[in-house]
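> sequence-free structure coming up:
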């Protein structure tokens, strides 16, 4: 029996090499006259902000660049962008970069049509639709261009601004913009996309549409991530990864994520003093999350194992399901990513506090297919610390 479900994403999606040239006409059709381009210094120096400005100029839209976006942006960074757009006479926004720049751009677009500030909106929402917004990813991983969330860091924890009104006017996914990513960034962002697809597939909020998109995203990542990591100029691999990231972002925007994200948050700043890129951190513990959840979803985890390239023919359903974390860890190793907490300076005496931190993410725990207990998390993190699955301990 099928359950009823909602399904939302960006108002419009443009995918394909060269689509960045349509940024101007798209914002123009929404009434934009003067746009702020929210990005970071690296993307600006790579020339992509100039490319966007040229596209806007052709459509008769004036623009200025704010390039102070930071990785894992703080609330203060978001507020700096808000001050910039409110004082500059802008009526539309382009977010150009990774998830951080796009999340900041969402808050900036909200600020042009609403009073208040980020923490107020997080606590009480905002009443008015955001200003015209185009989101243009330069990485293949976060999926922020098709999500309803903007994440910011406070000294205590990460907080999310969540609203169905945060979807952009248009998501422009141009794989050419990802070709300047170095190998490590390709690995970190690509594995992030895979985490989104897997966790969305695990989520109790999953539905037939998100399941289909999640499996296709996983298939594309298994086919193209290694190639994109090894040769950044492989345009087919870049296109495959850009599409995979887009699909995973749509999955995340509807089914959301499980304790994979909560476990990643649990051992990095601000939960501890350790600083690691988002996707890099989430991936370290995901094999052990998959092992934890496998018995709750044997068929789904067997499907994950198969789509990630494991030969499960002739195996029992249970044995096939437990090949899913093996397949994920094999990909990590191929990408040179760590597979244990020990390898990233987590100390064993930190594990009790880290396990407890997972329970501080109640929404992730609520969406997890298996009940989340402190005892279960302690066992999970002991495996993650050693980098060994249960049968290897």
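Looks like it arrived, so ask away. Note that the structure is a prediction, hence the values are computed from the model and not measured. Numbers count the residues shown, from 1 in each chain.

> Am I right that residue 52 is in contact with residue 105?
No - contact criterion Cβ atoms under 8 Å: residue 52 and residue 105 do not qualify, at 11.9 Å. C-betas here are computed from N, CA, C, even on glycine.

> Among the two, which residue is more densely surrounded?
The neighbour comparison of residue 52 against residue 105 (other Cβ atoms under 10 Å) goes to residue 105, with 33 against 26.

> before we move on, which element is the more buried one in?
Taking DSSP states H and E as the criterion, residue 105 maps to helix 99-111.

> Quick check: next helix or strand after the strand or helix carrying residue 262?
For residue 262, the enclosing helix or strand under DSSP H and E is helix 259-266. Heading C-terminal from helix 259-266, the first helix or strand you meet, by DSSP H and E, is helix 278-294.

> Output the contacting helices and strands for that next one.
If you count contacts as 3 or more Cβ pairs under 8 Å, 6 or more residues apart in numbering; DSSP states H and E, helix 278-294 packs onto helix 183-202, helix 259-266, helix 298-307, helix 324-334, helix 374-386.

> closest one to residue 59 among these?
Closest to residue 59 of the helices and strands packed on helix 278-294, according to Cβ to Cβ: helix 183-202, at 29.4 Å.

> relative to helix 324-334, how tilted is that closest one?
For helix 183-202 against helix 324-334, the angle by axes from the mean of the first three to the mean of the last three Cα atoms, to 10 degrees is 170 degrees.

> If you compare the directions of helix 183-202 and helix 99-111, what angle comes out?
Using the same axes, to 10 degrees: helix 183-202 against helix 99-111 is 70 degrees.

> Let me see the mean pLDDT of helix 183-202.
For helix 183-202, the mean per-residue pLDDT is 97.

> distance between that helix and the chain's centre?
Computed by Cα atoms, centre = their mean, to the nearest Å, the separation of helix 183-202 from the middle of its chain amounts to 7 Å.

> what's that helix packed up against?
With contacts defined as 3+ Cβ pairs under 8 Å, 6+ apart, helix 183-202 has these neighbours: helix 208-230, helix 235-255, helix 259-266, helix 278-294, helix 298-307, helix 324-334.

> What's the first helix or strand after the last one?
Counting by DSSP H and E, the next helix or strand C-terminal to helix 324-334 is helix 351-358.

> Can you say which of the helices and strands packed on helix 278-294 is nearest to residue 245?
Here helix 183-202 is closest among these (Cβ to Cβ), at 4.2 Å.

> Tell me where the model's unsure across this protein.
Within the chain, the stretches with pLDDT under 70 are 1.

> On the three-state scheme, the spatially most central residue of it is what?
Residue closest to the mean C-alpha point of the chain, counted by Cα atoms, centre = their mean, is residue 142 at 2.7 Å. Recorded secondary structure, residue 142: coil (DSSP: H, G, I helix; E, B strand; the rest coil).

> Domains in the chain, by residue range?
According to automatic domain parsing, the chain comprises the domains 13-178, 183-392.

> Out of the ones you listed, flag the one nearest residue 4.
Residue 4 lies closest, by Cβ to Cβ, to one member of the domains of the chain: domain 183-392, at 8.9 Å.

> So what would you say the end-to-end distance of the closest one is?
Length of domain 183-392, first residue to last, Cα to Cα, to the nearest Å: 30 Å.

> from the chain's centre, how far out does that domain sit?
12 Å.

> related to what we said a few turns ago, how about the residue nearest to the centre of the chain, what does it touch?
Contact analysis of residue 142 by Cβ atoms under 8 Å, 6 or more residues apart in numbering lists 98-99, 102, 189, 192-193, 245, 249, 278-279.

> One more pass at 6 Å, please.
Residue 142 is in contact with 98-99, counting by Cβ atoms under 6 Å, 6 or more residues apart in numbering.

> can you check residue 114 too?
Contact partners of residue 114, counting by Cβ under 6 Å, 6+ apart, are 126, 128.

> And it, how far from residue 125?
Distance of residue 114 to residue 125, given as Cβ to Cβ, to the nearest Å: 9 Å.

> Same question for residue 362.
According to Cβ to Cβ, residue 362 stands 19 Å off from residue 125.
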